[in-house]
Structures are given as C-alpha cells and as structure tokens.
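**Student:** quick one: sequence plus predicted model below, questions after.
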Amino acid sequence: MKTYRKPSISKLVTRFDNELKNMLLEDLKNVKSAKNQLLDSIKQSINAKGLSAA
C-alpha cells in the first residue's frame, strides 16, 4: 500500500513563487512585444503621412 506524503509548506511556497514569477515574466514579454509593435505602427504611420505631404 502506498502512503501519501504531504509536501512541506516551504516547497509549496517555492513552487508557487516560481510559477508566479514565470507568469509575470511571460506577461512582461508580451507587453514589451505589444509596445514595440504599437511603436512600429505609429512610426510607419508618421512616415507615410510625412511622405504623402511632401
């Protein structure tokens, strides 16, 4: 018969911290990527308007 051992609280907290950190880093990467795409889009829009006015 197998016995089930509960993981220690510190291991659970460490795992939670690691998973939370990974989620936050992934969100940060996504925000940075979206920001860069928005800035590129704005720059292209400004360049297109500047060229058509010239």
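**Tutor:** Great, that's in hand.

**Student:** need the pLDDT of Ser52.
**Tutor:** With respect to pLDDT, Ser52 scores 55.

**Student:** residue contacts, Leu24?
**Tutor:** Applying CB atoms under 8 Å, 6 or more residues apart in numbering to Leu24 gives no contacts. C-beta: built from backbone N, CA, C; applies to glycine.

**Student:** quick check: which element contains it?
**Tutor:** helix 9-53 (DSSP states H and E).

**Student:** could you give the separation of that helix from the chain centroid?
**Tutor:** 5 Å (CA atoms, centre = their mean, to the nearest Å).

**Student:** tell me the secondary structure of Arg5, please.
**Tutor:** coil (DSSP: H, G, I helix; E, B strand; the rest coil).

**Student:** do you know how far it is from Lys11?
**Tutor:** Counting by CB to CB, to the nearest Å, the gap between Arg5 and Lys11 amounts to 11 Å.

**Student:** for Ile46, same thing?
**Tutor:** To Lys11, Ile46 is 53 Å away according to CB to CB.

**Student:** residue nearest the middle of this protein, spatially speaking?
**Tutor:** Centroid-nearest residue in the chain: Asp27, 2.0 Å away (criterion: CA atoms, centre = their mean).

**Student:** what separation is there between that one and Leu12?
**Tutor:** 22 Å.

**Student:** what ranges of the protein fall below the confidence cut-off?
**Tutor:** Along the chain, segments meeting pLDDT under 70 span 1, 51-54.

**Student:** who's in contact with stretch 26-43?
**Tutor:** Outside of stretch 26-43, no residue comes within contact range by CB under 8 Å, 6+ apart.

**Student:** now do the buried residues in that stretch.
**Tutor:** Within stretch 26-43, no residue is scored as buried using 16 or more other CB atoms under 10 Å.
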